[in-house]
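# Just need the structure, nothing else, for what follows:
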Amino acid sequence: RCDAWKKGYKGGQPDIIIENPMGKYKGFAIEFKSPKGTGGASEKQVLWFHKLMKIGYMVMVSDDLVKTCIRINEYFALKKVAKKVTVNNTQCAVRLYRPRFSSDKTQLNLRYLTSRMEDKPEQTQVVTSEKKKDPKRVAAGKRLAAISKIAKERKKKLAEPEESSSNNIIAYVGVAIALISLVLAFNQHQRETKKPEPKYIPETVEVTRKADESRLDSLE
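Predicted coordinates:
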């Protein structure tokens, strides 16, 4: 958190200043705004941002905690600039040094060291800051951690759809092939079990009619 108020500055300082240099930036300054407010920065805040940008800081004014967490992750993903090391060409004489004693003869006085450590036991630092005990600040920190976790999960889900869509297509093709094979098998079974229809053979019937001789005589 920005501690500019301790150094005598009055108002305008950003809520958070990250001092880790990443990429071409020396740090990252963030000003939080309430979603219910105007979202604009005051004159003093604008003055602070201009000064920070001049010395190489990235600045951000945001009323969305999720976008802020994503931007912070992107900031820390930037590649660090390699520092140029200047080497002075100096000439020096090299001498080899060999100790005159052997390591077997030199033994550490462990009893003395342990007694010295017992004289000064490890001290635990007690937090007396009222700000860190404030329940509102603790709750806000937990919310920010939960939001950052949600943002990471959202990034993972955005990277997954291509694989899931290809898997769905493969599944659909497999189901279609299975259905087609079932239909073909059913048709084959129907053909094998179907009884052949009897062939219709037309029968020719000869009708003979005896002519009446009397009528034939009359016709003649």
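# List phi and psi for residue 28.
Dihedral pair for residue 28: phi -140, psi 120, per degrees, to the nearest 10.
# what about the closest residue to it other than its chain neighbours, neighbour count?
Leaving out its chain neighbours, the residue that sits closest to residue 28 by C-beta to C-beta, 6 or more residues apart in numbering is residue 18, at 4.1 Å. Bear in mind the C-beta positions are built from the backbone N, C-alpha and C, glycine included. Counted with other C-beta atoms under 10 Å, the neighbours of residue 18 add up to 18.
# My guess is residue 18 contacts residue 27. True?
Yes: using C-beta atoms under 8 Å, residue 18 makes contact with residue 27 at a distance of 5.4 Å.
# What is the neighbour count of residue 47?
13.
# which ones are touching it?
residue 12 (C-beta atoms under 8 Å, 6 or more residues apart in numbering).
# gap between it and residue 148?
30 Å (C-beta to C-beta, to the nearest Å).
# same thing with residue 172?
In terms of C-beta to C-beta, residue 172 sits 37 Å off from residue 148.
# Quick one: find the helix or strand in this protein with the lowest mean pLDDT.
helix 110-119 (a mean of 51; mean pLDDT, DSSP states H and E).
# need the strands for this protein, in chain order.
Ranges of strands in the chain, per DSSP state E, are 16-18, 27-32, 57-62.
# With distance to residue 159 added, can I get these in CSV?
As requested, these are exported to CSV (distance: least, C-beta to C-beta, whole Å):
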stretch, distance to residue 159
strand 16-18, 26
strand 27-32, 25
strand 57-62, 24
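# Out of these, flag the one nearest residue 75.
strand 27-32 (5.1 Å; C-beta to C-beta).
# Which positions in the closest one come out as buried?
27-31 (16 or more other C-beta atoms under 10 Å).
# how far off strand 57-62 does it point, in degrees?
20 degrees (axes from the mean of the first three to the mean of the last three C-alpha atoms, to 10 degrees).
# Other residues contacting strand 27-32?
Against strand 27-32 from outside (C-beta under 8 Å, 6+ apart): 2, 14-22, 41, 45, 48-49, 52, 56-63, 65, 68, 72, 75.
# Would you give the sheet partners of that strand, along with the direction of each?
strand 16-18 (antiparallel), strand 57-62 (parallel) (DSSP bridges).
# so of those strands, which one's packed in deepest?
Each of the strands paired with strand 27-32 was assessed for mean neighbour count using mean count of other C-beta atoms under 10 Å. The highest is strand 57-62, with a mean of 18.
# just for the protein, where's the confidence low?
1-11, 37-39, 80-133, 160-165, 194-220 (pLDDT under 70).
# on that earlier part again, kindly reformat the strands paired with strand 27-32 as CSV containing distance to residue 137.
Listed next are these as CSV, based on distance: least, C-beta to C-beta, whole Å:
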stretch, distance to residue 137
strand 16-18, 13
strand 57-62, 19
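# I'd like to know which of these is closest to residue 134.
Short answer: strand 16-18, nearest of the strands paired with strand 27-32 by C-beta to C-beta, at 16.7 Å.
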